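Undergrad: Predicted model, plus sequence, below.
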Amino acid sequence: MERAEKDALVSTLNGVFSDAGVVVVTHYSGLNVAELSELRRDMAEAGASFRVTKNRLAKRALESTSASEITDLFTGPTAIGVSDDPVAAPRILAKFAKANEKLIIRGGIMGDTVLDETGIKALADLPSLDELRGKIVGMLNTPATRIAGVLAAPGGQVARVIAAKAEQGDAA
């Protein structure tokens, strides 16, 4: 890799570390190409990305960011999972790591908060942003549904009374 390519990669990684909602650092030793492809596909479907990094270049990229505290995680065969949604990347990586013990979650960072493996797994257990939005909409709709039911009930009762009187009139 030429110096210009390295500088471009450092610049790209610097942007990733500065702008991402969450960065998860993993070790991927022993994963084959098919497994890595499956993981990348799952991450892409969730709006996240997974890339293998060169440790020395990643450490250089971390130097001028608020994520510099995770520099010590970059040893051995390292890859990062990145997403804007703080739950997407941790959820997919934790699920994959549970099914495949060759992927080891080392830690990561969310904003200015450094996370260890336990913190990443705690993020993975949280509901996604879309799920939370759905719950909020459901909570907002519930009172409206109840109000409509209460308002419609008297009209329905009057209609049933009239129908009952009409049946009594027909029977007589």
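TA: Everything's here; your move. Computed from a predicted structure; not experimentally measured.

Undergrad: got any ranges where this structure has weak pLDDT?
TA: By pLDDT under 70, the low-scoring segments of the chain are 144-158, 170-172.

Undergrad: give me the number of residues near Glu101?
TA: Using other Cβ atoms under 10 Å, Glu101 has 8 neighbouring residues. Using the backbone N, CA and C atoms, a C-beta is placed for each residue, glycine as well.

Undergrad: Over to Gly111?
TA: When neighbours are counted by other Cβ under 10 Å, Gly111 registers 11.

Undergrad: who's in contact with it?
TA: Gly21, Ser66 (Cβ atoms under 8 Å, 6 or more residues apart in numbering).

Undergrad: Contact partners for the spatially most central residue of the chain?
TA: For the chain, Ala88 is the residue whose C-alpha lies nearest the centre (Cα atoms, centre = their mean; 1.8 Å). Ala88 makes contact with Val22, Met43, Ala46, Gly47, Ala48, Ser128, according to Cβ under 8 Å, 6+ apart.

Undergrad: now the fourth one: how far from Ile120?
TA: As judged by Cβ to Cβ, to the nearest Å, Gly47 and Ile120 stand 17 Å apart.
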